[in-house]
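Asks: I'd like to go over a predicted model; first the sequence, then the structure.
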Amino acid sequence: MEERFLPIGIQDFEKLRKGGYVYVDKTRLVYKLARLSTPYFLSRPRRFGKSLLLSTMEYYFLGKKELFEGLEIENLEKDWTEYPVLKISFGISSYETRDNFLAVIDNILSENEKKFGIAKVSDNPSVRFDNLIKLTYEKTGKQVVILIDEYDKPILDALYTEYEEHNRKELRAFYSPLKDCDKYIRFLFITGITKVSPVNIFSGLNQLNDISLDRAYSSLCGISESELEKYFEPEITALAEEQEMTVAETKAKLAQMYDGYHFSYRVEGVYNPFCLLKCFSSKKFGSYWFESGTPSFLVKTLQNQPLFLANLVNGRKVKEDQFKNYDPDSKNMLPVVYQSGYLTIKAFDEDSDRYTLDFPNQEIKDGFLDVLLKKFVSVPDDDLGLAIDNLSDALKVHDVDKALSIIKSAIADLPTIVKKDMCENYYESVTHLMFRMTGYNVVSELQNVAGRSDVIVTTKDTVFIFELKMDKGKASADDESKNSAELEKILENALSQIDANGYSDRFKVSGKTMRKAGVVFSSEGRGILGWKIK
């Protein structure tokens, strides 16, 4: 196979084109967007090609026709016009301190002022930005194109710190000229990971067109199945040969690992481009997205909102407004998890107007659950894999006692980030997480006409039904027999509930072996107190 250059980490369109790198042509959509002067906003996960998209727009508006030779836009654009472009990127630094944040803004403005020969008129960033836009228009005689990349990084870097509110206010002030300068702006495109609620950042930009969930632009970033077939046939073949798989098996494995992102409903799924290219380059399947780093803001969010783990990992049916905008003043962490790329749209019910969110693919599911477990269990990182392997082996041989013993060891100590009034949710969530990490099918709170079961695990030949209960605290510090009797009573009630509510009925036709277990946790944060198996 002739050597081909894969654009791993390439974010500059000119470098990509002149270097002969493989380019997945998105220029038809760029042209469609550019025909209108509406301010646009696009939210996409990290490593999804947002910066390359903005670079493509930059060279298009600079009129660099020669870079687009052979691409779709070459036949669409008849009038290649050069516009002044202001490029603003907050991805070049970190923003945990006020001084660093203000220094980056100063540097961004200085570079653009220098480019157009404009003198600094004030120390106030918003005044300088306003002056930059207006004088650039006056000097060139043309409306200005403004491209803003990673607009939200100063907020996410400072999440849950004393600087978060400060950075929000500074950004809100910095972006404020965009509304009043509308007549000077030909095109405005803003990208980021999260969509912070407009009232917090873009209060003046009422006309901002958020295309993050727009079906027409669902594949603007990422690589669709049809694009994979069109642009990467040689790489697929080479990967198949290296892995000693058929081409069909290789495509199926690629889809399982890296496909599955849906940024709207009833649209073709897209692959994470970074992971796909890394896989083709190394000729092996790996967890490349997680190897490139876990966003610190996600970890911070999970630490500050530990109550919603079960909802995150079990498929979530929600209205659009529950995951579209991140409100820093809200307790809702779902927008952060969705927009970060850990959950994606899997279905949409038009009757109820609800979306189903779940993990996009195997790489994300395994990586996300691993991040969660490392934050919420007491097993050391280097022993966690062993614990999960042992749990999987125990389920395989139907050893419920061993399985629950492993979980008991993992949650013996209540993490400091979990308060005692959160015990019930914490214990159920971590139990679910550990079972799900085994790779077996796991469902929490499966709805039945008579009630809800807590955790159901299904293997090839067995269904395990776990009913989780909390104790009522020690009856008496000196009366262990009374405590023991109370524990036995709760366990019996748990097993009776499984049968009374018919949790196993739907699985009877499967012919699988049934294992039922009642499990009691301590309401005082002392882990599993006991279990009973039927």
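Replies: Received it, and whenever you're ready, just let me know what you need.

Asks: please save the CA atoms from whichever strand or helix holds L42 in CSV.
Replies: If you go by DSSP states H and E, L42 is part of strand 40-43. What follows is strand 40-43, C-alpha atoms only, in CSV (Å, rounded to 0.1, in the frame of the first residue of the first chain):
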residue,chain,number,x,y,z
TYR,A,40,-23.2,30.0,15.2
PHE,A,41,-22.4,27.9,18.2
LEU,A,42,-21.2,24.3,18.2
SER,A,43,-20.6,22.1,21.1
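
Asks: what segments of the stretch 301-450 of the chain are helices?
Replies: Listed in chain order, the helices of the stretch 301-450 of the chain (DSSP state H, counting those that start in this stretch) span 309-312, 334-339, 362-376, 381-396, 400-410, 423-437.

Asks: typo on my end, it should be the stretch 101-250 of the chain
Replies: Using DSSP H, counting those that start in this stretch, helices in the stretch 101-250 of the chain cover 125-140, 153-157, 164-175, 177-180, 225-231, 233-243, 247-258.

Asks: please identify the deepest-packed of those.
Replies: Ranked by mean neighbour count, these are led by helix 153-157 with a mean of 25 (mean count of other C-beta atoms under 10 Å). (Each C-beta comes from the backbone N, C-alpha and C, glycine too.)

Asks: by contact count, what packs against that helix?
Replies: helix 164-175, helix 296-304 (3 or more C-beta pairs under 8 Å, 6 or more residues apart in numbering; DSSP states H and E).

Asks: rerun at 7 Å
Replies: For helix 153-157, the packing partners by 3 or more C-beta pairs under 7 Å, 6 or more residues apart in numbering; DSSP states H and E come out as helix 164-175.

Asks: quick check: angle from the helix it packs on to helix 125-140?
Replies: 20 degrees (axes from the mean of the first three to the mean of the last three C-alpha atoms, to 10 degrees).

Asks: how distant is helix 164-175 from the center of its chain?
Replies: The chain centroid and the centroid of helix 164-175 are separated by 24 Å under C-alpha atoms, centre = their mean, to the nearest Å.

Asks: and what of stretch 211-221?
Replies: 16 Å.

Asks: burial count for D349?
Replies: 11 (other C-beta atoms under 10 Å).

Asks: and what of L391?
Replies: 23.

Asks: and if you look at R506?
Replies: Neighbour count for R506, taken as other C-beta under 10 Å: 12.

Asks: does S43 touch I190 like I think?
Replies: No: S43 lies out of contact with I190 (C-beta atoms under 7 Å); the separation is 9.4 Å.

Asks: lowest mean pLDDT among the helices and strands of this protein, which one is it?
Replies: helix 309-312 (a mean of 57; mean pLDDT, DSSP states H and E).

Asks: contacts only, for the nearest residue to V336 once chain neighbours are set aside.
Replies: Leaving out its chain neighbours, the residue that sits closest to V336 by C-beta to C-beta, 6 or more residues apart in numbering is T301, at 5.0 Å. T301 makes contact with L159, M333, V336 under the criterion C-beta atoms under 7 Å, 6 or more residues apart in numbering.

Asks: pretty sure the first one sits against Y326.
Replies: No: L159 sits out of contact with Y326 when judged by C-beta under 7 Å, with a separation of 9.9 Å.

Asks: okay, these two: which has more neighbours?
Replies: Y326 (26 against 22).

Asks: in this structure, what spans have low per-residue confidence?
Replies: Regions of the chain meeting the criterion pLDDT under 70 cover residues 1-2, 197-200, 203-206, 293-297, 302-315, 328, 331, 415-422, 444-453, 473-480.

Asks: state the distance from the spatially most central residue of it to D182.
Replies: Nearest to the geometric centre of the chain sits G341, at 2.1 Å (C-alpha atoms, centre = their mean). Distance, G341 to D182, by C-beta to C-beta, to the nearest Å: 32 Å.

Asks: could you do S281 as well?
Replies: If you measure S281 against D182 using C-beta to C-beta, the figure is 44 Å.

Asks: tell me which residues touch Y40, please.
Replies: Contacts of Y40 by C-beta under 7 Å, 6+ apart are L33, L188, F189, I190, N209, I211.

Asks: still on that earlier bit, adding distance to I407, write the helices of the stretch 101-250 of the chain out as TSV.
Replies: Formatted as TSV, the helices of the stretch 101-250 of the chain follow (distance: least, C-beta to C-beta, whole Å):
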stretch	distance to I407
helix 125-140	52
helix 153-157	33
helix 164-175	36
helix 177-180	52
helix 225-231	39
helix 233-243	35
helix 247-258	27
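
Asks: which residues touch stretch 434-442?
Replies: Counting by C-beta under 7 Å, 6+ apart, residues outside stretch 434-442 touching it are 313, 369, 373, 388, 391-392, 395, 407, 410, 432, 455, 457-459.

Asks: which of these lies closest to G530?
Replies: I407 (12.7 Å; C-beta to C-beta).

Asks: can I assume the closest one is in contact with T431?
Replies: Yes: with contact defined as C-beta under 7 Å, I407 reaches T431; the gap is 5.9 Å.

Asks: thinking again about what came up before, which helices and strands does whichever helix or strand comes after the strand holding L42 pack with?
Replies: Following strand 40-43 in sequence order, the next helix or strand is helix 50-61 (DSSP H and E). Packing partners of helix 50-61 (3+ C-beta pairs under 7 Å, 6+ apart): helix 13-18, helix 27-34, strand 85-89, strand 144-149, strand 185-192.

Asks: between helix 50-61 and helix 27-34, how many degrees?
Replies: Going by the same axes, to 10 degrees, helix 50-61 makes 70 degrees with helix 27-34.

Asks: pull helix 50-61 out as CSV, backbone CA atoms only.
Replies: Extracted in CSV, the C-alpha atoms of helix 50-61 (Å, rounded to 0.1, in the frame of the first residue of the first chain):
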residue,chain,number,x,y,z
LYS,A,50,-13.4,21.5,16.3
SER,A,51,-10.1,23.3,15.9
LEU,A,52,-9.5,21.9,12.4
LEU,A,53,-13.0,23.0,11.4
LEU,A,54,-12.3,26.6,12.5
SER,A,55,-9.0,26.5,10.6
THR,A,56,-10.9,25.3,7.5
MET,A,57,-13.3,28.3,7.9
GLU,A,58,-10.4,30.6,8.4
TYR,A,59,-8.7,29.8,5.1
TYR,A,60,-12.0,29.8,3.3
PHE,A,61,-12.8,33.3,4.4
